[in-house]
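With the sequence up front, the predicted model follows.
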Amino acid sequence: MLTDMPYRSKATSTAKVYRAENGRRSKWIKEKNLPKNESSFLLYLLERATEIGSSALARISAAYQAANDGISRIGATFVADVIKAKRRLECPVKKKPIEVTIEDVEKTDRDAMLTILSFHSGDLIEVVVKRAKNDQMGLGRSSFFHYTPGSDADILMCRWRLRNKKRTCEYVFSNADGSRRLAKQSISAAATKMLKLVGKGGATHHGFRRGGANHLRAQGHSLEEIRTRGRWRSMAGLQRYLKDIPEAQGCKSTKRTRGGLEELEESDEE
């Protein structure tokens, strides 16, 4: 009765899945003639990682912890690393990402202010988002961007002011007649249409976020700066969308100086 209590505290369907997972794990351990401990569970998880996806691995981990009163700190770290590594491998497999660069954005000025805000940030103009995700305090979010006189962004901003000088809408981005704010669906549709015009058919507005992160990384910004700029919930979520460069993997980066190459520790990326 006591051994069944961890399952009784779960929903019926969840308990059924957990029992099945633990049964397969116990059978594998018995076939390998291994002891029933945490080390055997970690070996089982590692072997299963070559056959199943990250969601299934997370289910195996949850089933084990439900039946064994948790897991050690070292074991939890190992499990998290295995699942993250598997999830990172799945990213390009599920749907091949379409790379969007700043050069693609500069091919057209249609809806260009939306794309400029996706790539640039500075300290002169503040863009306030009244309702943002992961905003428990309801304070919204704000971002800053700047542009130098005579730059493409400066020209686009001047054109934007000329086109909207007669409108009284309080929002920077409004609908066609300026009566109300631009809906999220309209922004997504405008971005998708613009990308199609520049030869990036199939790409969505998420391509701007991915492209912007890689653009900032190429300019030398740290992962924490990029995460804050793009309002990523976690560092793990951001790293999935970065290109496979050594610095994105937590390795040392090199800085070219007059005396040669200098190695820098990317301590903020660990």
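Structure received.

use CA for all of it now, contacts and neighbours both
OK.

What lies in contact with the helix or strand containing Gly23?
Per DSSP states H and E: Gly23 is located in helix 12-31. Outside helix 12-31, the residues that touch it by Cα atoms under 8 Å, 6 or more residues apart in numbering are 7-8, 35-36, 40-41, 44, 59-60, 62-64, 66.

So for the longest helix anywhere in the chain, what gets flagged as buried?
Ranked by residue count, the top helix of the chain under DSSP state H comes out as helix 73-94. Residues of helix 73-94 classed as buried under the neighbour-count rule (16 or more other Cα atoms under 10 Å) are Val79, Val82, Ile83, Lys84, Lys86, Arg87, Arg88.

now stretch 215-223
His215, Leu216, Arg217, Ser222, Leu223.

swap in stretch 56-67?
For stretch 56-67, the neighbour count (16+ other Cα under 10 Å) marks Leu57, Ala58, Ile60, Ser61, Ala62, Ala63, Tyr64, Gln65, Ala66, Ala67 as buried.

residue contacts, the fifth one?
Which is Ala62. Ala62 neighbours (Cα under 8 Å, 6+ apart): Tyr18.

Determine the angle, from 0 to 180 degrees, between the strand or helix carrying it and helix 12-31.
Ala62 is located in helix 54-68, with elements delineated by DSSP H and E. Helix 54-68 runs at 90 degrees relative to helix 12-31, counting by axes from the mean of the first three to the mean of the last three Cα atoms, to 10 degrees.

could you give the mean pLDDT of helix 54-68?
Here helix 54-68 scores 85 as its mean pLDDT.

Asp104: what secondary structure?
Here Asp104 takes the helix state, with states given by DSSP: H, G, I helix; E, B strand; the rest coil.

And for it, the neighbour number?
15 (other Cα atoms under 10 Å).

Look up the pLDDT of it for me, please.
If you check Asp104, the pLDDT there is 70.

from memory it sits against Met194, does it?
No - at 9.8 Å, Asp104 does not count as touching Met194 under the criterion of Cα atoms under 8 Å.

Fine by me, we can end here.
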